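Visitor: model this:
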Amino acid sequence: MRNNLFLLGVFALATALMGCEGNGSDILPADGREVQAPANATPDAYNGRAVDGYLRDAFVWLDINDDNVWDEATEPSAYTVAGGYFTLDLSAINDARRAANQKALEPRDYPLVLLALPGKTVDEGAESGNGIVDRAYFMFAPPGSDLISPLTTLVRIQAGVNFVYSKSPSGLSTVADGVDAAHNRTRDKLNRPINFLQDYINADVERLATYAGGVVRLIQNHTTDAMNAQFLQGSLNVYDSDSLSAIGKAVFLLTAGLWDRLDELAGENGKYSHSLLDLVEFETISLDLNDPYVLFSESTQKNSELKASESLKVGAGKLSSEVIYKYFSDGLVKEITVDGYREQRPFYIQGVPPNPALAVETEQMWFNNGVIEQRGKYTWQDGLLTRFEMDSINALDHDATLSKPVALDITNNSNPYTLDGVPEFSTEFMRDTTGKISQIHISNNSGNYVLSYSYNETGKIKKIEEMKIDGGIETLTRIWTFSYNLPKVVKTNTNGVLGETTITVATKIEEQSLSSGVPEVTRLYEYVNKTIDVRGVDTIVTDYIFIDDRTRFVNDRYLRWVYDYTTAYDIARAAGFSLKGLDESDPEDIKYIRTLIDDKKLLELEGSLQTEVLTTATDQGVGFSGSLFVQSYIRNSYTYKRLSDVVF
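Guide: As a prediction, the model looks like this:
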């Protein structure tokens, strides 16, 4: 109650301060939107104003292609003058438009970007007098607003959409609707019913000025020393679209907490002021400023034609499980959630991220029902995985003696288990001085195990030995032996013509069980590679993995994971480009397709794993001819998102 009373006091103080700060108010009018009225009487000039304090000698441009990077040839720019004013000269653009019988450019259809340059830009509102900016920062204004401030920056960041509209004759009503929606979402997400689009200095609203100063500090704190040095050397395009996106989302994430702290300090000090910023301990988020695409989900579909003894008859291609990945801001995996079920073994054989290639759990349809049944958490140190643990409500993770249909029935109907934060499965990764894994300590419902790794002279894995620990007694239970680059002669059948060919097995793994006291090969894995063209570079990837699983029924013993990778054709098609007349197998057509894709970061998905299908195979690992669907067990599909979209 004491805390609640304190907060009520803070809000009461804020309300009182709003009533006495000059003639201004930071409360948004009832119509939900109040964009500064542009003082623009001519179509060949666009006037605006930059506010932190008022900024002089800051660089501003009209971001016509909405990529946050200044294009000198096509995007009007200017430096601000005293009072933060600027004028963008649109005459060259409009002269060309008039010559082509086109309407003049409507600048209010586009966002504005500002760079406050270290050693050059002057903050005329600095409390100690005119203050030269010592660390770079950026600001945005959404379309329709000629005012650029830290608060309009938040509206632009939150929008997260392309504001280049062309649906109405002037674009104005569409832009107004878009800015209105973004403004209201910003107010909701930051829990502040304030006017983010007003000139808070002119209105004499110290609360907003303090808030704005905090946003600038957050942006500066996420601008690296290397970036600042480049600005000091005179460069302008130092931030790129990726870094601005990542920094912007981090700043937005931290803003609400910062403003809450400023409200508390204002309550303690009796007023809002920039001096409060010196009392705040600012948070920063470690960022991968490249903002790469990362694995977001793995969806597992299972076939209705399963033959194993515990299979359930289900509709063809039903979704059995879905894994969602979450990340730390530096790009390391933070957590996975599983709707359905994933067996544990691939997690500790392959490390992270888990590779389902060694999983042959085909016998059960688990059903994707919107309930998180497994949650895995990752722990890292200096970029290396040190621990993975999984909490689960699936009965099979609690009692390994259950049959899978019984485990499914318990999990879905009379489940006594909850996600209680206590892991049912955990692994601890031990490493040698070079960072390679030396041991993995495993604890699950079957007991405690230690996997010990040894390596050959080239640094590749030579052997993994599994020891079960029971009452202090260590028992060797399984051994995996690795060998590499082995020639293998396989039989072929081309249009009925029998023959032979020699392939290279890139990696061969023999799994031996010692449960009977004598080593017995129970599974054999053979990785076969291929070369694909990834952005014009020949790249070696896994073509297929042959599995000889001697623990299965004879008609299901020989299995084969077949891999499919994302191509430039796939990316362009998903992005909506017309590819009529283009051949995805023609190298020249693929080169042309790559030039169509404006988002070069999107092109980095070329070569990423798209699907993998588990099928039956011959005893030599060759796929059967005919319908793939009839012979397939599992299809895993992968989707990707930008890191900043997943983190924030």
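
Visitor: can you pull the contacts of the nearest residue to Y527 once chain neighbours are set aside?
Guide: Once flanking residues are discounted, Y527 sits nearest to T507: 4.1 Å by CB to CB, 6 or more residues apart in numbering. C-beta coordinates here come from the backbone N, C-alpha and C atoms, glycine included. The neighbourhood of T507, defined by CB atoms under 8 Å, 6 or more residues apart in numbering, consists of F482, S483, Y484, Y525, E526, Y527.

Visitor: so which of the residues you listed are in strands?
Guide: Among these, the members found in strands (DSSP state E) are F482, S483, Y484, Y525, E526, Y527.

Visitor: now, of those residues, which are buried?
Guide: The neighbour-count test (16 or more other CB atoms under 10 Å) marks F482, Y525, E526, Y527 as buried among the ones in strands among the contacts of T507.

Visitor: want to throw those residues into JSON lines with distance to Y563?
Guide: Shown next, in JSON lines, are these (distance: CB to CB, whole Å):
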{"residue": "F482", "distance to Y563": "20"}
{"residue": "Y525", "distance to Y563": "14"}
{"residue": "E526", "distance to Y563": "14"}
{"residue": "Y527", "distance to Y563": "10"}
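
Visitor: for V294, state which of those is nearest.
Guide: Nearest to V294, judged by CB to CB, of these is Y527 at 23.9 Å.

Visitor: the closest one touches K488, doesn't it?
Guide: No - Y527 is beyond contact range of K488, at 11.6 Å (criterion: CB atoms under 8 Å).

Visitor: from the ones in strands among the contacts of T507, which is closest to K377?
Guide: The closest of the ones in strands among the contacts of T507 to K377 turns out to be Y525 (CB to CB; 27.9 Å).

Visitor: gap between the closest one and T224?
Guide: Counting by CB to CB, to the nearest Å, the separation of Y525 from T224 is 44 Å.

Visitor: tell me the bridge partners for Q381.
Guide: Taking DSSP bridges as the rule, Q381 bridges to L384.

Visitor: for it, grab the count of nearby residues.
Guide: Number of residues near Q381 (other CB atoms under 10 Å) recorded here: 10.

Visitor: what do you get for G234?
Guide: G234: 9 surrounding residues under other CB under 10 Å.

Visitor: one more: S578?
Guide: Using other CB under 10 Å, the number of residues around S578 comes to 9.

Visitor: helix, strand or coil: sort out it for me.
Guide: Recorded secondary structure, S578: coil (DSSP: H, G, I helix; E, B strand; the rest coil).

Visitor: which intervals of the protein have sub-threshold pLDDT?
Guide: Across the chain, residues meeting the criterion (pLDDT under 70) sit at 1-41, 126-130, 160-175, 304-317, 344-363, 625-631.

Visitor: switch to 50 and redo it
Guide: For the chain, the stretches with pLDDT under 50 are 1-23, 27-38, 128-129, 161-173, 305-316, 346-357, 627-630.

Visitor: who does the residue nearest to Y527 form a beta bridge with?
Guide: Beta-bridge pairing of T507 under DSSP bridges involves Y484, Y527.

Visitor: mind listing what's buried in stretch 415-426?
Guide: Across stretch 415-426, burial judged by 16+ other CB under 10 Å covers Y417, P423, E424, F425, S426.

Visitor: please apply the same query to stretch 524-537.
Guide: So for stretch 524-537, counting by 16+ other CB under 10 Å, buried means L524, Y525, E526, Y527, V528, N529, V534.

Visitor: in CSV: those, plus distance to S329.
Guide: CSV is the format used below for the buried residues of stretch 524-537 (distance: CB to CB, whole Å):
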residue, distance to S329
L524, 41
Y525, 35
E526, 39
Y527, 33
V528, 37
N529, 34
V534, 27
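
Visitor: let's verify N636: helix, strand, or coil?
Guide: strand.

Visitor: now it. Nearest residue, chain neighbours left out?
Guide: With sequence-adjacent residues excluded and distances taken as CB to CB, 6+ apart, N636 is closest to E612, at 4.9 Å.

Visitor: S91 now?
Guide: Nearest residue to S91, sequence neighbours excluded (CB to CB, 6+ apart): D44, at 4.3 Å.

Visitor: over to E474?
Guide: Closest residue to E474 in three dimensions, ignoring its sequence neighbours and counting by CB to CB, 6+ apart: M467, at 4.7 Å.

Visitor: what about the one you found, distance to L514?
Guide: Remark: distance between M467 and L514 (CB to CB) = 10 Å.

Visitor: what do the two both touch?
Guide: Shared contacts of M467 and L514, defined by CB under 8 Å, 6+ apart, comprise L476, T477.

Visitor: V505: neighbouring residues, count only.
Guide: When neighbours are defined as other CB under 10 Å, V505 has 18 of them.

Visitor: who's in contact with it?
Guide: Each residue near V505 by CB under 8 Å, 6+ apart is listed here: N485, L486, P487, K488, E526, Y527, V528.

Visitor: among the residues you listed, which pair sits farthest apart?
Guide: By the measure CB to CB, P487 and Y527 form the most distant pair in the contacts of V505, at 14.2 Å.

Visitor: you'd agree Y525 is up against D549?
Guide: No - judged on CB under 8 Å, Y525 makes no contact with D549 at a distance of 9.3 Å.

Visitor: in strands only, show me the buried residues of stretch 415-426.
Guide: Counted as lying in strands by DSSP E, out of the buried residues of stretch 415-426, are F425, S426.

Visitor: of the buried residues of stretch 415-426, closest to T595?
Guide: F425 (47.5 Å).

Visitor: which residues touch that closest one?
Guide: Q344, F347, E389, M390, S392, D397, I442, S443, N444, N445.

Visitor: please redo it, this time with the cut-off set to 7 Å
Guide: The contact partners of F425, taken as CB atoms under 7 Å, 6 or more residues apart in numbering, are Q344, E389, M390, D397, N444.

Visitor: can I take it that T501 is in a helix?
Guide: No - using three-state DSSP, the assignment for T501 is strand, not a helix.

Visitor: how about the contacts made by it?
Guide: Per CB under 7 Å, 6+ apart, neighbours of T501: V490, T492.

Visitor: gap between the two ends of stretch 373-387?
Guide: 20 Å (CA to CA, to the nearest Å).

Visitor: and if you look at stretch 510-529?
Guide: Span of stretch 510-529 from end to end, CA to CA: 18 Å.

Visitor: hmm, who's touching that stretch?
Guide: 358, 476-481, 503, 505-509, 540-551, 621.

Visitor: longest helix anywhere in the chain?
Guide: Longest helix in the chain, counting residues (DSSP state H): helix 241-269.

Visitor: can you list the helices and strands that that one packs against?
Guide: Counting contacts by 3 or more CB pairs under 7 Å, 6 or more residues apart in numbering; DSSP states H and E, helix 241-269 is packed against helix 2-20, helix 150-159, helix 206-221, helix 643-647.

Visitor: could you export the shortest one as CSV, CA atoms only?
Guide: What it means is helix 643-647. C-alpha atoms of helix 643-647 as CSV (Å, rounded to 0.1, in the frame of the first residue of the first chain):
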residue,chain,number,x,y,z
LEU,A,643,16.7,-10.7,-34.6
SER,A,644,15.2,-7.4,-33.4
ASP,A,645,11.7,-8.7,-34.2
VAL,A,646,12.2,-11.8,-32.1
VAL,A,647,14.0,-10.1,-29.2
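
Visitor: quick one: secondary structure of D95?
Guide: Under three-state DSSP, D95 falls in the helix class.

Visitor: what does the one 10 residues further on give?
Guide: For L105, the secondary structure call by three-state DSSP comes out as coil.
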